[in-house]
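>>> Sharing a model prediction with you, sequence too.
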Amino acid sequence: MLKQFVEDIHPRIETLLVYHNRPLTIVYDSPINLPQHLLAKDGTIAIRISKDALCNEIMEHTGKPLATTSANIFGENHALDLEDLPKQLLADVDLVVSNNAQVPVNQKASVIARFDQKGELEILRE
């Protein structure tokens, strides 16, 4: 599905996605077939290949990717469970779905990375 939205996928990305032990989000410079409102101001898009069973079941059933945002307010800590979601955020959404999965203690937000112009992996957030 990733190839429908990104033409130039660095060869190391598949290895990273398979073996990385934390959620991993990759920023892609030249996305295709995506609406403009999903892209950042600089034209990039951040895509995470989910290992979550519920997300993958939804995508398999619909044949479409999920377009989501982080469950936090920019600059604030990320929520690890439903009780941590900011009330302001909850007031602005139509639906919250939980798969009731146990969240590991001390779980961190996803790693965000991109490949620079030289093909080197650049970590944007650890």
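Cool, the structure landed.
>>> Surely residue 23 touches residue 111?
Yes. Here residue 23 reaches residue 111: they are 7.2 Å apart, a contact under CB atoms under 8 Å. Quick note: C-beta positions are derived from backbone N, CA and C, even for glycine.
>>> so where does residue 15 fall, helix or strand?
Using DSSP states H and E, residue 15 sits within helix 12-19.
>>> what does the helix or strand just after that helix contact?
Note on helix 12-19: by DSSP H and E, the next helix or strand toward the C-terminus is strand 24-28. Strand 24-28 has contacts (CB atoms under 8 Å, 6 or more residues apart in numbering) with 5-6, 8-9, 13, 16-17, 44-49, 110-115, 124.
>>> Low-confidence regions, the chain specifically.
Scanning the chain with the threshold set as pLDDT under 70 gives 70, 72, 74, 80, 98-108.
>>> would you list every one of the strands in this protein?
Ranges of strands in the chain, per DSSP state E, are 24-28, 45-48, 111-115, 121-125.
>>> okay, these in TSV with distance to residue 82 and mean neighbour count next?
Shown next, in TSV, are those (distance: least, CB to CB, whole Å; neighbours: other CB atoms under 10 Å):
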stretch	distance to residue 82	mean neighbour count
strand 24-28	22	20
strand 45-48	20	18
strand 111-115	23	18
strand 121-125	23	11
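>>> mind putting those in CSV, distance to residue 35 included?
Below are the strands of the chain laid out as CSV (distance: least, CB to CB, whole Å):
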stretch, distance to residue 35
strand 24-28, 15
strand 45-48, 10
strand 111-115, 21
strand 121-125, 23
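>>> residue contacts, residue 8?
Residues in contact with residue 8 (CB under 8 Å, 6+ apart) are 28, 29, 30.
>>> same check, this time on residue 47
Residues counted as contacts of residue 47 (CB under 8 Å, 6+ apart) are 2, 5, 6, 25, 26, 28.
>>> Thanks a lot, see you next time.
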